[in-house]
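Novice: Dropping a prediction and its sequence here:
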Amino acid sequence: MNRISRRWRHLSVTSMAIVAAGALVLSGCTPTDPSSTSGDEGAPVQGGNLTIQISGDPGGLDQNASYSIEAVNISELIFEKLFALDATNTPHPMLVDTYDLSDDRKTYTFHLRDGVTFSDGKPLTADDVVESLNYWLRVNAQGKIVAGDVESIEATDDLTVTLTLTKPRYPLIVELTGVGTGILEADTAKGLDATGFTQDQAIGTGPYKLQSWQPNEQLVVERNDAYSSLPDEESGYAGAKHAYLDTITFKIVADPDAVKNGLLTGQWLYASPTPDAYPELKANPDLVVHTLSGGNLNLLVLNHAWSGSIFSKPEARDALNLALDKPGIVAATGGSPDLTIESAALTPEASTIMYSTAGDEEYAKHDPEKAKALFAKAGYSDDKPIQILTTNAFPAFQAWATLVQDQLSSIGVKSEIQAYDFVTMLGQWQSYPDKWDIVPIFFNGDFPSPGQMNVLASAASPATDTHPEIADDRSQDLIDALADYNKVDNADDAHAIMDTITSIIARDKPAIILGMTTPYAAYSPTLKGYDNYWYVFWNSWIAE
Amino acid sequence: MLGIILRRLVNLVIILFVVGTLLFFIIRAIPGDPAIALLGSTAKPEELEALRQDLGISGPLYLQYLGWFGRVLQGDFGMSIIYDKPVLDVIADHIAPTLTIAIISTLLSFLLAVLITVWNASSPRNWVARALNQLSQIGLALPDFWLAVLLIYLIALNLRWVPTSGYTDIWVDPIASIRTLLLPVAVLVIGQGASFVIVLREGMLGQMSQLYLRTARVKGLSEFAVAMRHALPNALLPILTIVGLNFAGLVGGIVILENIFVIPGLGSMMLGAINGRDFLLLQGGALFIAVLFVTVNLITDLTYALVDPKVRVS
């Protein structure tokens, strides 16, 4: 099978902000408010179909090849990982029964659960785990970061895997809950490249399996009758998975009005409408409207690494920070104060170890006059307007670009907006560093370790793979802090280092943090057993 | 008649060659790299280049063109990278919704226009007929997308008679299909029907004052029969071209309505192909629409010949 025929996944513009990020870590999501929305759920009902609206085609179910929100979340129903995060963001064994860590914290021995089978009936073995993790380390952007510390992964017997590191890595277990760490059959994972696996290879150990898929129309998963659930209490992504529903149908509907109308008329029981619909839907007594786990980190990526950009100069980065009313920019597109967070924190508050407000003082600064002086000091000239690269595929990005332009204009700084479709924007961003100075975008704010976060990764390492012409401007402070994070052995020390990391980002400004937005969903009150964890529907049912 | 068909078929081949060639180079001129679209911004240059070679978009453009054209001549339009299926299969999957809507709405618009104009021509003082005639001006002025939103609000959201969006194949479930087709077809019929009425009315009024109708009236035929049997065939000629062009336009260009009503038709397919830089699907789809345009024009011309003997003679 050649590479083209493997490429069955489809790009959906609506879902592609995360492609740009290349680092969606939704499986590491932490809840904004993980409480269930109903105190009287009643007895679970077995059977039925739940219709879900999604905004874009998943493009694939391979988390190492398709980073869209839809791809990552739907594949969580089909594939399982060695560990899964519970409602408190703590990793719990999922496919692992127990594990041992050597005294030097370099050797992990994973004992797999006996009796777990894939949806095609094949038993889970250590070979499957070895090949799947090797695939993740080989292909996934975050896996490649971890790979630098991995000496070997071996199957020591049918149900035992030994992972040996070259040096201790504190977040490893959490990283094994990250995107792309799902366990595939060994024959599938072996030799896979960045284009991912085929539709007929989408076979996992999860509570659901793929039934059918018409790209751009709908995707249906059905209960995996061979599923072997943990007896543990269900929590977040961890614990028991009951699979009450016979099928779950994901209808691909992008038009915001169609999304809302279909929800109001019962065409789908669950939808992810746009932020501007939040107040109206929240006021509707016939719907449950609730924020979801996780959050989007909204930011302006600055071209700090190319000497031709004004933002290669620290004064210009400081000037931009001072010029912008950052909370105002996010609020303009946030839909409701319920959905926006004014902070320079890099991750949602519920992510207790990673959450830090150490950058908030810098975030709060807003002094347009001082900004004007700093831009002058940085050598700003009207002859070279600041180039803002954006896409019309995401209204929020374009709105932020316009607001930035407006606020720069108020201090006499000229800028030009280049708006393209998403693919063209990606190409411009990646291939032409001389064409842009600012890129407004959001990344997922949940990540299992700071080294895996894009904004930090780009500041800590030169993008020499893709931009060999860009000078190495790595922040040694940041490199040291990220290394220190991996060395710790407890949550308190890790949190202290996150304060340092957040401060360095606020100081060096490889990007200007605009604030965080919280995703939300609106659904019928008949949907029960749902705890607002994206597409975690394996313990949900439809009330009769 | 056979001569007309043969001449037009030769023209069809030439047109398709020119259109296909232009399409290839125009589509390749669109900025945006399919390899980046597929692998994301973090992909390495060697990974991107390997994928470009797999996709057949690496190397000199003229070689890519020759390769593509050679395969097209053999009936191979290539594989869609979005759907992982042959391009022709993907087009076949998406043509049904679009054709269904285009055929039904064109037929209904045409019938409606004929009824209104014949009625109006035969009963010029009837206030209902005159009102319908005037309403056609309003129908023409209403933007499709606005009308769609209005109908969804009134009929789907408030009255709950039909679903707000979706599509069901007419052969799978006719009742459900009619329910999903009602609103998009209504939107198109209002717009199209209005333009047909305006054009046809001009022709009908012109014909109704012609001397050749005197015999028909002397025979004792009613004004309706005079209009229907004698004036209408002569008034139809100008509208046939418009019907043909409108139909072809519908097949290739109801992207906005397909989006609003979530219909998986050709428009949505083409939009997805553009966004995903699925070059082969885009080229195949555009070529298919070009074929459809030319074919519809041919059918229109043949219909002209059928309706008007003078065309056959010339």
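Specialist: Cool, got the structure. Computed from a predicted structure; not experimentally measured. Numbering: from 1, shown residues only, chains lettered A, B, ... in the order given.
Novice: Just say helix, strand or coil for A:Thr109.
Specialist: When states are read from DSSP: H, G, I helix; E, B strand; the rest coil, the local structure at A:Thr109 comes out as strand.
Novice: what secondary structure does the closest residue to it other than its chain neighbours sit in?
Specialist: Take A:Thr109 and drop its neighbours on the chain: the residue closest to it by CB to CB, 6 or more residues apart in numbering or on different chains is A:Asp100, 4.4 Å away. Every residue, glycine included, has its C-beta placed from N, CA and C. The local conformation at A:Asp100, judged by three-state DSSP, is strand.
Novice: Surely A:Asp100 touches A:Tyr108?
Specialist: Yes. A:Asp100 lies in contact with A:Tyr108 (CB atoms under 8 Å); the separation is 7.3 Å.
Novice: Have a look at those two and say which one is more surrounded.
Specialist: When A:Asp100 and A:Tyr108 are compared for neighbours, A:Tyr108 comes out ahead with 21 against 11, by other CB atoms under 10 Å in any protein chain shown.
Novice: just to confirm, which helix or strand has the residue nearest to the more buried one when sequence neighbours are not counted in it?
Specialist: With CB to CB, 6+ apart as the measure, A:Leu163 is the residue that lies nearest to A:Tyr108, at 4.5 Å, once sequence neighbours are left out. When secondary structure is defined using DSSP states H and E, the element that contains A:Leu163 is strand A:160-165.
Novice: so what's the closest residue to A:Lys509 other than its chain neighbours up against?
Specialist: Nearest non-adjacent residue to A:Lys509, counting by CB to CB, 6+ apart: A:Arg317, 4.0 Å away. When the contact criterion is CB atoms under 8 Å, 6 or more residues apart in numbering or on different chains, the partners of A:Arg317 are A:Leu302, A:His304, A:Phe311, A:Asp508, A:Lys509, A:Ile512.
Novice: Could you report the neighbour count for residue 281?
Specialist: All of this refers to chain A. Using other CB under 10 Å as the criterion, A:Leu281 is surrounded by 20 other residues.
Novice: my bad, chain B
Specialist: Counted with other CB under 10 Å, the neighbours of B:Leu281 add up to 28.
Novice: list the buried ones in the helix or strand hosting it?
Specialist: B:Leu281 belongs to helix B:279-307 when assigned by DSSP H and E. Across helix B:279-307, burial judged by 16 or more other CB atoms under 10 Å in any protein chain shown covers B:279-290, B:292-294, B:296-298, B:300-301, B:303-305.
Novice: Could you confirm whether any residue of the helix or strand hosting A:Leu50 contacts chain B?
Specialist: Under the assignment given by DSSP H and E, the secondary-structure element containing A:Leu50 is strand A:49-54. No. Between strand A:49-54 and chain B, judged by CB under 8 Å from any CB of the partner chain, nothing touches; the nearest distance is 9.6 Å.
Novice: State the helix or strand in which the residue nearest to B:Thr300 when sequence neighbours are not counted lies.
Specialist: Distances taken as CB to CB, 6+ apart put B:Gly244 closest to B:Thr300, at 3.4 Å, once the chain neighbours are dropped. Assigning secondary structure by DSSP H and E places B:Gly244 in helix B:232-253.
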